[in-house]
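Peer 1: kindly generate the corresponding structure for this input.
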Amino acid sequence: MRTRLVLGLLAWLLCMPALMQAAGPRRSDLPISLNAASSDFDYRNNTLRFRQVQITQGNVSVEADEANATGLNFENSRWTFSGNVHIEVEDGSLASQDATVTFVNNQIERAVITGTPATFEHKLTDSDELARGSGAKIEYDFASGTVKLTQDAYLTDGRNDIRGETLVYSIGEQRVLANAGGQADDRVRITINPRNEEQAQPDPAVPPQ
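Peer 2: Numbering: from 1, shown residues only. Presented below is the predicted three-dimensional model:
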């Protein structure tokens with residue numbers, strides 16, 4: 001019995017590298033590439049400015065008209081982007097006029113975008129529909145997989161609309177937590193739109209009238 005357990009454990013350990021390779025590398029292990037039309041390095045103040053810039057790591061990318069950073073370091077740095085900011089994430093994207101992106105351990109940990117409004121969209125699982133949202137401020141937390149929309153926040157799945165002061169969308173669970181914001185005049189408002197005749201499918205069990 002013990003021999004079988006030892007052989008089974010050994011076989012599992014031998015399979016681990018293949019399983020890890022099949023799962024793919026971690027995003028933090030992927031290289032980060034930066035492409036810009038021009039750059040300005042201020043060595044005295046240790047600041048950098050890029051124009052028409054795009055930063056890419058795996059399936060995540062950030063592009064904008066301008067980017068500013070303190071040091072070309074993605075281990076622990078904070079970048080500000082302005083002008084036509086577009087962030088591509090897995091099965092989704094964000095867009096705004098301004099953004100602050102925090103890099104930790106060589107990967108994006110958090111992105112905060114602001115605009116009038118800032119927008120977000122994400123493809124729903126097993127569906128061609130998109131979840132779309134907007135707000136004056138949107139915070140994308142890569143570690144927790146959540147998107148927080150604040151200040152006149154709006155989110156829709158194509159049929160149902162939700163509005164509130166704060167909306168938190170869980171990407172993995174595709175679930176929305178709405179918070180009115182604690183003010184007497186702020187309310188969570190939900191609009192459920194009925195399916196139109198083109199969307200509705202007849203029930204074969206019900207004979208036509």
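
Peer 1: could I get the full set of helices for this structure?
Peer 2: For the chain, the helices defined by DSSP state H occupy 2-23.

Peer 1: buried sites along stretch 150-163?
Peer 2: 150, 153, 154, 155, 156, 157, 162, 163 (16 or more other Cβ atoms under 10 Å). All C-beta spots, glycine's among them, are computed from the backbone N, C-alpha and C.

Peer 1: got the contact list for the second one?
Peer 2: The neighbourhood of residue 153, defined by Cβ atoms under 8 Å, 6 or more residues apart in numbering, consists of 133, 134, 135, 163, 164, 165, 166, 167.

Peer 1: grab the longest strand from this protein for me.
Peer 2: Longest strand in the chain, counting residues (DSSP state E): strand 107-123.

Peer 1: which helices and strands does that one pack with?
Peer 2: Here strand 107-123 touches strand 60-69, strand 76-89, strand 92-104, strand 130-141, strand 146-156, going by 3 or more Cβ pairs under 8 Å, 6 or more residues apart in numbering; DSSP states H and E.

Peer 1: given the third one, what are its sheet partners and their directions?
Peer 2: Looking back up the chat, that one is strand 92-104. According to DSSP bridges, strand 92-104 forms sheet pairs with strand 76-89 (antiparallel), strand 107-123 (antiparallel).

Peer 1: go on, the last one?
Peer 2: For strand 146-156, the paired strands and their directions (DSSP bridges) read strand 130-141 (antiparallel), strand 160-170 (antiparallel).
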